[in-house]
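J.: Have a look at this prediction, sequence included:
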Amino acid sequence: MAQDSAGDDDYVDWNTDDDLEIDNFQSSPSPVHSRADTLVGVAVTTSSLSSPTTETTDLVQMGFSDEIFATLFDMGFPVEMIARAIKEAGPNAETSVIIDTISKYSSDCEAGSSKSKTIDHFLAMGFDEEKVFKAIHEHGEENMEKIANALLSCPEAEKVAEVKEEDDIDWSDDEINYADLLISDDEEDPNSSNENGNQIRSLVRMGFSEVEASLAVERCGKNVDIAELTDFLSAAQMAREFSEFHTDPEEQKPRHDVKKRRLESNRESRSSVDDEPVRLPNPMIGFGLPNEPGLITSRKLPELARGPPFFYYENVALAPKGVWETISRHLYEILPEFVDSKYFCAAARKRGYIHNLPINNRFQIQPPPKYTVNEAFPLTKKWWPEWDTRTKLNCILTVTGSAQLTERIRTALEPYTGEPEPPKHVQKYVIDQCRRWNLVWVGKNKAAPLEPDEMENLLGFPKNHTRGGRMSRTERYKSLGNSFQVDTVAYHLSVLKPIFPNGIKVLSLFTGIGGGEVALHRLQIRMKLVVSVEISKVNRNILKDFWEQTNQTGVLIEFDDVQNLTNDTIEKLMERYGGFDLVIGGSPCNNLAGGNRVSRVGLEGAQSSLFFEYCRILDVVRARMRRS
DNA sequence: GCTAATATGAACGGGTGT
DNA sequence: ACACCCGTTCATATTAGC
């Protein structure tokens, strides 16, 4: 994002304030803004922030700062279970004792009735047992989405704090056996049966479950080759080959040299030849997809990466060589999770995410988006030519095709209207243009670029999210092109819901149009506090409008330039509000993105180097959270 | 109707991965 | 071989502000 609006902010410039007079600021609306109450909401008081009202939060806050808690947490144990075990075994008990205690819960569970995986899944998330049974009874055991939705829409859902039994992971060992977590156990020859009938039936005959098969068809589209479906379904097996995700004995050693290396490498250093190159997974599904059972559900984080706050960093997956290695090195050696959002919606979006979030018991927000273009935009179906075989769109960019292009395509196709299909060379021209500019068919021989509201739809934003706020059409395209895919991010952030039942305090850097905030909102995770840093004024307007329109009860504070957010200001904010639970943001990709022909110079580029500001700020937050 | 600000359209390769 | 990509820059068209 170009820093074109730096300095013209009409908010109070916090960065120049020697003293952070937040109370004064709250009670004295900006003379320019008529809605100062949205800038700093008044519903949350300091006392309610600092005095947790439920036991769960208390235990989390007590335990999470504890090394043992962090260890167990990283091993994939649910928060509630750790909390209960620590309580039972005493806060000074050794890790092994606590693990033994947890194992006892596990064997208690085995001794009882055999519960289904679905039940365990939701119990582990902390939902009330009775409600889980009810939801499963109503929606059927296989419809995880509807069950999750039913449970989440239940008003009492946030009150759950009872400890529940976990699933059948072998608790006695530090190492999680990934193979045991993979559900697709039978691997029959995919070529054994391949008739052109019902694709789902074929897949079932190949040994996939009906749920898996129907999901694959839903995800990949109905017109795709059976081979593509089997590719998709074999992702679970392929996950075993992602050696970098497995626990590496080397990885468990504390890395004392990391800090030193970070200092040494700092800004000038761009060489990462000594690092192992990161490998993009294929298919690009990260640690797994919603309702795709049996992918990686646990990982071992490097020592340095543990502990509060949670953080979530995002950037383009196909950055120049060495960039992700550098990013990873500066973010505590966590390996990136690469995900293509085409597995979450009808448009591709290949991104890398580095975070220290737990990865078990993720869930998808509701309603799930449409997976194909025809489903997402039903009106295009009527005009979509047979010879355009696309079922997914390419990545949403910051620039779109022109109206003239639509006209050129129309005149190219016009002469062949009576015929079954145009000649091959015309087809090729049209298809090439459609792919390059991400066009959809909106009329006879009429292929047009996506409208802003259609992009909002694909990216998981509410309709008209970017409308208003003095935002022009061009700016909407630009901001949307720079945004998160909400469903993807929400899936990763969903694990926060049971951990923070009372809501979270968020530091949002490079907020843009608020993809992270929208994700949290759609997860129904209350945002007690959002400190947002965004250079573009119109984007800040969008977030402010969102905050107001969704009747947020928390506090929203907006800053403009991340470079002006001093360590001192961050410290004071944390002192005032009691720290941050989540630091989230995707730094500028201008100098990394493939479309840039002028200045694709890597992390040292004028905009992309702001990544180091993310690191700086995250370090300040971590330092303080660890002190307390 | 003038000027200034902003919007639009087109030309601009190549790195990275399959 | 082929596909794809949170982009930049300039000239021109259009709109905003007076």
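T.: Received, thanks. Note that the structure is predicted; figures quoted are calculated from it, not measured.
J.: pLDDT-wise, which helix or strand of chain A ranks last?
T.: Among the helices and strands of chain A, helix A:178-181 carries the lowest confidence by mean pLDDT, DSSP states H and E, at a mean of 26.
J.: got the residues of chain A near DNA strand C?
T.: Within chain A, the positions lying close to DNA strand C (CB under 7 Å from any atom of the strand) are A:2, A:314-318, A:348-351, A:394-395, A:397-399, A:435-436, A:478, A:481-483, A:510, A:586-590, A:592-599, A:607. Backbone N, C-alpha and C define where each C-beta goes, glycine included.
J.: Among those, which lie within strands?
T.: Secondary structure from DSSP state E places A:314-316, A:350-351, A:586 of the residues of chain A next to DNA strand C in strands.
J.: By proximity to DNA strand C, which residue of chain A wins?
T.: residue A:594 (2.1 Å; CB to the nearest atom of the strand).
J.: ok, and the closest non-adjacent residue to that residue?
T.: residue A:318 (5.7 Å; CB to CB, 6 or more residues apart in numbering).
J.: from memory that neighbour sits against residue A:589, does it?
T.: No. Taking CB atoms under 8 Å as the definition, residue A:318 is not a contact partner of residue A:589, at 10.0 Å.
J.: pLDDT wise, what is residue A:423 at?
T.: The score at residue A:423 is 97. That number is its pLDDT.
J.: Surely it and residue A:416 touch.
T.: Yes. If you go by CB under 8 Å, residue A:423 and residue A:416 touch, sitting 7.2 Å apart.
J.: okay, now residue A:480: neighbour count?
T.: Residue A:480 has 26 neighbouring residues, counting by other CB atoms under 10 Å.
J.: Using the three-state scheme, assign the closest residue to it other than its chain neighbours.
T.: Nearest residue to residue A:480 in three dimensions, chain neighbours excluded: residue A:455, at 4.5 Å (CB to CB, 6+ apart). Taking DSSP: H, G, I helix; E, B strand; the rest coil as the rule, one finds residue A:455 in the helix state.
J.: ok, now which ones touch residue A:455?
T.: Going by CB atoms under 8 Å, 6 or more residues apart in numbering, residue A:455 touches A:396, A:476-477, A:480-481.
J.: now, among the residues you listed, which is nearest to DNA strand B?
T.: Nearest to DNA strand B among the contacts of residue A:455, counting by CB to the nearest atom of the strand, is residue A:477 at 7.5 Å.
J.: in the strand or helix carrying residue A:617, what's buried?
T.: Using DSSP states H and E, the element containing residue A:617 is helix A:611-627. Residues of helix A:611-627 classed as buried: A:611-618, A:620-622, A:624-625 (neighbour count, 16 or more other CB atoms under 10 Å).
J.: From residue A:337, how far out is the residue nearest to residue A:330 when sequence neighbours are not counted?
T.: Counting by CB to CB, 6+ apart, residue A:330 lies nearest to residue A:615, which is 5.0 Å off, once chain neighbours are set aside. Relative to residue A:337, residue A:615 is positioned 18 Å away (CB to CB, to the nearest Å).
J.: With residue A:348 instead?
T.: Counting by CB to CB - residue A:348 and residue A:337 are separated by 17 Å.
J.: who has more neighbours, these two?
T.: In this view residue A:348 and residue A:337 are compared by other CB under 10 Å, and residue A:337 has more residues nearby, 24 against 17.
J.: Contacts only, for that one.
T.: A:286-287, A:352-355, A:492.
J.: Any stretches of chain A with poor pLDDT?
T.: A:1-275, A:293-294 (pLDDT under 70).
J.: Would you mind naming what in chain A lies close to DNA strand B?
T.: A:280, A:282, A:318, A:320-321, A:399, A:402-405, A:472-475, A:594-598, A:600.
J.: repeat that for 6 Å
T.: Where chain A comes near DNA strand B, counting by CB under 6 Å from any atom of the strand, the residues are A:280, A:282, A:318, A:320-321, A:402-405, A:472-474, A:594-597, A:600.
J.: which stretches of the stretch 301-450 of chain A form strands?
T.: A:310-316, A:337-340, A:350-355, A:440-443, A:446-448 (DSSP state E, counting those that start in this stretch).
J.: Run through the bridge partners of residue A:446.
T.: Counting by DSSP bridges, residue A:446 is bridged to residue A:443.
J.: List the contacts of it.
T.: Residue A:446 makes contact with A:383, A:406, A:409-410 under the criterion CB under 8 Å, 6+ apart.
J.: Just confirm residue A:583 is within a strand.
T.: Yes. Assessed by three-state DSSP, residue A:583 belongs to a strand.
J.: The one helix or strand residue A:492 maps to packs against which elements?
T.: Element membership for residue A:492 (DSSP H and E) is helix A:486-493. If contacts are counted by 3 or more CB pairs under 8 Å, 6 or more residues apart in numbering; DSSP states H and E, helix A:486-493 sits against strand A:310-316, strand A:350-355, helix A:515-522.
J.: Just the CA atoms of it, as PDB, please.
T.: What follows is helix A:486-493, C-alpha atoms only, in PDB (Å, rounded to 0.1, in the frame of the first residue of the first chain):
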ATOM      1  CA  VAL A 486     -11.800 -13.600   5.700                       C
ATOM      2  CA  ASP A 487     -12.800 -17.300   5.700                       C
ATOM      3  CA  THR A 488      -9.300 -18.400   5.600                       C
ATOM      4  CA  VAL A 489      -8.000 -16.200   8.300                       C
ATOM      5  CA  ALA A 490     -11.100 -16.900  10.400                       C
ATOM      6  CA  TYR A 491     -10.500 -20.600  10.200                       C
ATOM      7  CA  HIS A 492      -7.000 -20.100  11.600                       C
ATOM      8  CA  LEU A 493      -8.200 -17.700  14.300                       C
END
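J.: any idea which helix or strand comes after that helix?
T.: Reading on from helix A:486-493 to the C-terminus, the next helix or strand found by DSSP H and E is helix A:496-499.
J.: ok, the residue nearest to residue A:296 when sequence neighbours are not counted to residue A:340 distance?
T.: Spatial nearest neighbour of residue A:296, excluding adjacent residues (CB to CB, 6+ apart): residue A:287 at 4.5 Å. Applying CB to CB, the value for residue A:287 to residue A:340 is 13 Å.
J.: list the contacts for residue A:543?
T.: Residue A:543 touches A:511, A:513-514, A:517, A:532, A:534, A:556, A:558, counting by CB under 8 Å, 6+ apart.
J.: got the contacts of residue A:337 as CSV, with neighbour count columns?
T.: Shown next, in CSV, are the contacts of residue A:337 (neighbours: other CB atoms under 10 Å):
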residue, neighbour count
A:286, 26
A:287, 21
A:352, 25
A:353, 22
A:354, 21
A:355, 24
A:492, 20
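J.: Now render these as TSV, adding distance to residue A:446.
T.: Listed next are these as TSV, based on distance: CB to CB, whole Å:
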residue	distance to residue A:446
A:286	37
A:287	41
A:352	36
A:353	37
A:354	42
A:355	42
A:492	38
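J.: closest to DNA strand B among the residues you listed?
T.: Looking across the contacts of residue A:337 and measuring by CB to the nearest atom of the strand, the closest to DNA strand B is residue A:352, at 10.8 Å.
J.: how about the nearest residue to that closest one, chain neighbours excluded?
T.: Nearest to residue A:352 is residue A:336, by CB to CB, 6+ apart, at 4.0 Å.
J.: Wait, that neighbour touches residue A:351, no?
T.: No. Between residue A:336 and residue A:351 there is no contact under CB under 8 Å: 9.1 Å.
J.: separation between the residue nearest to residue A:330 and DNA strand B?
T.: Separation of residue A:615 from DNA strand B (CB to the nearest atom of the strand, to the nearest Å): 22 Å.
J.: Check the gap between that residue and residue A:628 for me.
T.: Separation of residue A:615 from residue A:628 (CB to CB): 21 Å.
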